[in-house]
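Participant: The sequence isn't on hand, but the structure is:
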């Protein structure tokens, strides 16, 4: 590391510039032959550690919390909406959501309140639609009812995003469209071929259908990710929310492919085999590797429950006592989280170095 690298690392540590900007600036100056003499080896080690720490903090920072002011305003928003919902129901809350969005989101551009108001809109649509459709539960087919329910979400979310440009609203719009597509396939199989995927005979068809829908959401998330590899625009925030929903959807649809042969059993009900537990661990490991490649921690956190369940199953099949394998499962999950979290940047550099440049140049840079 040169004296210039040391200065840049110090600037990143103090928050003057971000860690990924350090990498970009170093590459820019190196291309132009700008460098200084080497520094002491112990300084190199200290600066490398500092830069890794800053990079780990900076590599995935969705901009929805900007200070305690945002938190204070969000508390007020939540409390007011809960109170109005209790007093006047949905008719009283929708106008307030719109007014607050005009003030807090469109004018003041507050980040966390925009998330809260988006979630409030989703809740309003969900409850209002349920109230309207509840009177038709005995008349309509369950799948028609579900499809109609899901169809109520895209237009409000699209209008909310068009007006206020909240990334969560756009992510919700994509997710609602994907949900409608999945439900449409399920409904078409039932009406066209008499295949009810909720029945025991055809339940194994449900995981691949869900997997295709989840892959669609993941593809859209990656489209936003690669369009902003430096993660400086709202497209990165949209990708964050999409990955947050795509990761568990992908994981549990793949888990369904493994565990559906148990007639819907799971890894904690005693029906899973040792081989299925191993398959679950391999799937979780694959997701963690994918998270390192695309620099999205949602792919790590979404697999923790499955990892614990798989370890639980493997130990229970080996005849260990309950007291042993419960705490061992917790310990394994905890150690895994700490190891990946502490060494995130170093692990990511190792993984990225193994990939071709055509892939790594389109992803968020490994600091």
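Facilitator: In hand now; what should we look at? Just so we're clear, the structure is a prediction, and the values are computed from it rather than from any experiment. Residues are numbered from 1 along each chain as shown.
Participant: Just say helix, strand or coil for residue 230.
Facilitator: With DSSP: H, G, I helix; E, B strand; the rest coil as the basis, residue 230 sits in coil.
Participant: Now do the phi/psi pair for it.
Facilitator: With angles defined as degrees, to the nearest 10, residue 230 sits at phi -80, psi -10.
Participant: Tell me how many other residues surround it.
Facilitator: 13 (other CB atoms under 10 Å). All C-beta atoms are positioned from the backbone trio N, CA, C, and that covers glycine.
Participant: can you list contacts of stretch 203-211?
Facilitator: Residues outside stretch 203-211 that contact it (CB atoms under 8 Å, 6 or more residues apart in numbering): 182, 185-186, 189, 195, 197-198, 249-250, 252-257, 260-261, 263-264.
Participant: Figure out how far that stretch is from the centre of its chain.
Facilitator: Distance of stretch 203-211 from its chain centroid, counting by CA atoms, centre = their mean, to the nearest Å, is 21 Å.
Participant: Stretch 72-83 too?
Facilitator: Per CA atoms, centre = their mean, the displacement of stretch 72-83 from the mean C-alpha position of its chain is 25 Å.
Participant: The nearest residue to residue 228 once chain neighbours are set aside: what's it in contact with?
Facilitator: Closest residue to residue 228 apart from its sequence neighbours, by CB to CB, 6 or more residues apart in numbering: residue 235 at 4.3 Å. Counting by CB under 8 Å, 6+ apart, residue 235 touches 167, 224-225, 227-228.
Participant: which of these are buried?
Facilitator: 167, 224-225, 228 (16 or more other CB atoms under 10 Å).
Participant: can you list those residues in a markdown table and add pLDDT, secondary structure and distance to residue 175?
Facilitator: Formatted as a markdown table, these follow (pLDDT from 0 to 100; DSSP: H, G, I helix; E, B strand; the rest coil; distance: CB to CB, whole Å):
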| residue | pLDDT | secondary structure | distance to residue 175 |
| --- | --- | --- | --- |
| 167 | 93 | helix | 12 |
| 224 | 94 | helix | 13 |
| 225 | 92 | helix | 16 |
| 228 | 88 | coil | 20 |
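Participant: since we're on residue 192, how many residues are nearby?
Facilitator: Counted with other CB under 10 Å, residue 192 comes out at 8.
Participant: helices or strands up against the helix or strand encompassing it?
Facilitator: Element membership for residue 192 (DSSP states H and E) is helix 167-193. Contacts defined by 3 or more CB pairs under 8 Å, 6 or more residues apart in numbering; DSSP states H and E place helix 167-193 against helix 111-133, helix 142-150, helix 154-164, helix 206-227, helix 234-259.
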